[in-house]
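In: here's my sequence, what's the structure:
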Amino acid sequence: MTRDLVFEIGTEELPSKPLYGAIEQLAVAVPKALDDARLEYDTVRVMGSPRRLVVYVSDLSEQQDDAVHNHKGPAAKAAFDAEGNPTPAAVGFARGKGIAVDELQVIDDENGSYVWATVEVKGVSTGDVMPQLLQRLAEGIEWPKSQRWGSGDARFSRPVRWLLALYGTEIVPVQFAGLTADRITYGHRFLAPGASELPAAPDYAIALERGKVVPDHLERAKMLREGIQAAAETLGAKAVVPEKTFAEVVNLVEWPTVTVGTFDEAFLAVPREILENAMESHQRYFPVESADGSLTNRFIVAHNGDPARTEAIVAGHQRVIRARLSDAAFFYREDLHKPLADYVARLDTIVFQEKLGTLGDKVRRLEKLSSAIGSLVGADTDETSRAMRAAHLCKADLVTSAVVEFTDLQGVMGGYYATAAGEDAGVAAAIVDHYRPRFSGDGLPASIEGKIVALADKLDTIAGIFAAGMAPTGSADPYALRRSAIGVLQIVLGGADARIDDLIAAALAGYVGVLPLDSEATGVAIRDFFVGRLQGILRDRGHAYDTVDAVLAQSAGDPADALARCEALTAFRAASDDMEDLSTAYTRAKNLGKPDLGISVDRTRMGAEELALADALDATETAAGQLMEARAYSAVLASFAGLRVPIDAFFEAVLVMDPDESIRDNRLRLLNRFVELFGRFADFSLLVG
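Out: Sure, this is the predicted structure:
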């Protein structure tokens, strides 16, 4: 027999993001807890809304399965004396397992003879198991921030107000946060605030529907998407629905009603990003754009109130957004009263980092660094000049009123203000782009000027923080240097081709005289930091860990080159059977070789197989050298494959460690040549098959 189980933790309104985290945790923890408890079930659903976390288990068995546990005890010679009588060790072991000593078994394994106890455990009823199991689940949820309330010791994201736990028709007396579970749940705070008594677990969905609550976040998301789309279609327009805002709105409502509001068309003269930021980030509205992609003076809002009062609710939202947009328009107009360049001087009053000076100091470093990076990435004079101008202006908008109020728009507003001040379009675009990529999946700077300033900004911060002795440790990364390093690598891999060592040296040059600096040691530490990030990027792009390790052993300082080598090696390993044999031969040659002997060989002291290998190496070295220069790495590997036959024949026929030292050393030099040639591409000894 089976029954359904429902467990609801009722709370004050939970924050959206932590609620998603709790749902994800329970989705893993509940099946594991049931499996560990030897309870069979059909499905587990974990749901959440602003005022509740819910676990619903269908067709949960009424009894634990029986179990048989085998326990290994002491060695047989310690458990029984010479006459075969049990020792205190055997008696104590049997007692501890709840069986008679004569039920012990002696079993031989690879480690010798040991005593084993076989214990049969009878399953108990699910009703007896559930109280503690559910209590542990509630206590085990990890919250980013938790709180205590009243006089209790329980911690939760928000105060817990009720517990509901039913197994079929029976109450499961779970105790948590000073409460004992009952069969009562509560509806929507405003639409159906009263208590609802459930006869049985399967009545939960009906009771919540009557209580004007959609407990399933996935169902609420579906309702919201459909409602937003329908509202936009009535306007003949399209809703702008950022996933981050949408996900948050899902967990702000328990009975969503979607409607449309308006604001004064005059506000459309304000940059679109300000309007969208005010609507999305501040008010959780969804902007609406017309068929041509331009923003309209409409917005879509999902509210949690009485649908019958939608008109009054929308009017309230319109009053709020009008005030918000009025402030935004005022800030924007005030900022335009002077050109962007006039704000730069104020950066000297803002500390960038205590040891690294002000934002003004940083801007001056960025200008010099942008000039150096322009040369490294092959930018022409005009491009470098525009990049340096963008570097001079890129932080100026941080002291404008609009960005102080709407911090997410740093860079974006700088681009608008630069354009309004008559700056070159390339300069304005670079100001916008220099923060990119800001997060995983974000776009890269579009122009070479944008790439240069973005590299300069990120490299300056990384170099400065490392030079100041505050490099990331463990999971602590207060200055987001890992994200900055990944951004640098993505830009380099995206077309701004430069060697990491050169970029690091250029960035550290800006701190000479600013900090007591060991440029060489700091540069090595930063390089290792970048190599760790590059390793992750290459693996994320589908390259095997040993392919990445082999390539980075040779080409870690040149990300674009390392990527090209990984792509060629990955393709070659997938298409050819030669790589494993060549890797084995390379490893053998590397282990035997003596680099200090050099690679100059005496052909007069060689036999047929040695001469054949030497001739093959001559031809391959010439071809591979030209191909390596052209970065034609697939062709390089194909040329290496031609060495499989002569190297196999060499190892089969030749005694490398000949008793004659001169012959032995000559053969080792030949192997050194083989290793040196392959080592120009990668360390093939790191390939595992």
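In: now do the SS call for S58.
Out: Following DSSP: H, G, I helix; E, B strand; the rest coil, the label given to S58 is strand.
In: show me what contacts it?
Out: Contact partners of S58, counting by Cβ atoms under 8 Å, 6 or more residues apart in numbering, are 4, 41-43, 45. For every residue, glycine as well, the C-beta is placed using N, CA and C.
In: so which of these is the most crowded?
Out: Within the contacts of S58, D4 tops the neighbour count with 20 neighbours, counted by other Cβ atoms under 10 Å.
In: which residues touch that one?
Out: 56-60, 167-168, 200-202.
In: need the residues you listed in JSON lines with pLDDT and distance to F330, can you?
Out: Listed next are the contacts of D4 as JSON lines, based on pLDDT from 0 to 100; distance: Cβ to Cβ, whole Å:
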{"residue": "Y56", "pLDDT": "98", "distance to F330": "51"}
{"residue": "V57", "pLDDT": "97", "distance to F330": "55"}
{"residue": "S58", "pLDDT": "97", "distance to F330": "57"}
{"residue": "D59", "pLDDT": "96", "distance to F330": "61"}
{"residue": "L60", "pLDDT": "96", "distance to F330": "60"}
{"residue": "Y167", "pLDDT": "97", "distance to F330": "60"}
{"residue": "G168", "pLDDT": "96", "distance to F330": "62"}
{"residue": "A200", "pLDDT": "97", "distance to F330": "59"}
{"residue": "A201", "pLDDT": "97", "distance to F330": "56"}
{"residue": "P202", "pLDDT": "97", "distance to F330": "57"}
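In: with respect to E243, which of these is nearest?
Out: Ranked by distance to E243 (Cβ to Cβ), the contacts of D4 are led by Y56 at 26.4 Å.
In: the helix or strand hosting V115 packs against which elements?
Out: Using DSSP states H and E, V115 sits within strand 112-121. Counting contacts by 3 or more Cβ pairs under 8 Å, 6 or more residues apart in numbering; DSSP states H and E, strand 112-121 packs against strand 67-75, helix 76-79, helix 88-97, strand 105-109.
In: tilt between that strand and helix 88-97?
Out: Here strand 112-121 runs at an angle of 20 degrees relative to helix 88-97 (axes from the mean of the first three to the mean of the last three Cα atoms, to 10 degrees).
In: buried ones in strand 112-121?
Out: For strand 112-121, a neighbour-count test (16 or more other Cβ atoms under 10 Å) marks 114-117 as buried.
In: looking at those residues, which gets the smallest pLDDT?
Out: Confidence by pLDDT is poorest for V115 among those, given 84.
In: isn't that residue right next to Q105, touching?
Out: Yes. Here V115 lies in contact with Q105, judged by Cβ atoms under 8 Å, at a distance of 7.2 Å.
In: send me the one helix or strand in the chain whose mean pLDDT sits lowest as PDB with only the CA atoms.
Out: Using mean pLDDT, DSSP states H and E, the weakest-scoring helix or strand in the chain turns out to be helix 578-592, at a mean of 79. The C-alpha trace of helix 578-592 is given here as PDB (Å, rounded to 0.1, in the frame of the first residue of the first chain):
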ATOM      1  CA  ASP A 578      48.700   7.300 -34.400                       C
ATOM      2  CA  MET A 579      48.600   9.700 -31.500                       C
ATOM      3  CA  GLU A 580      48.500   7.100 -28.700                       C
ATOM      4  CA  ASP A 581      51.600   5.200 -30.100                       C
ATOM      5  CA  LEU A 582      53.400   8.500 -30.800                       C
ATOM      6  CA  SER A 583      52.700   9.700 -27.300                       C
ATOM      7  CA  THR A 584      54.000   6.400 -25.800                       C
ATOM      8  CA  ALA A 585      57.100   6.700 -28.000                       C
ATOM      9  CA  TYR A 586      57.600  10.300 -27.000                       C
ATOM     10  CA  THR A 587      57.300   9.400 -23.300                       C
ATOM     11  CA  ARG A 588      59.800   6.600 -23.600                       C
ATOM     12  CA  ALA A 589      62.200   8.800 -25.500                       C
ATOM     13  CA  LYS A 590      61.900  11.600 -23.000                       C
ATOM     14  CA  ASN A 591      62.500   9.200 -20.100                       C
ATOM     15  CA  LEU A 592      65.600   7.800 -21.800                       C
END
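In: any residues touching that helix, and which ones?
Out: 572-573, 637, 640-641, 643-644, 647-648, 651, 656-657, 668, 671, 674-675, 678, 684-685, 687, 689.
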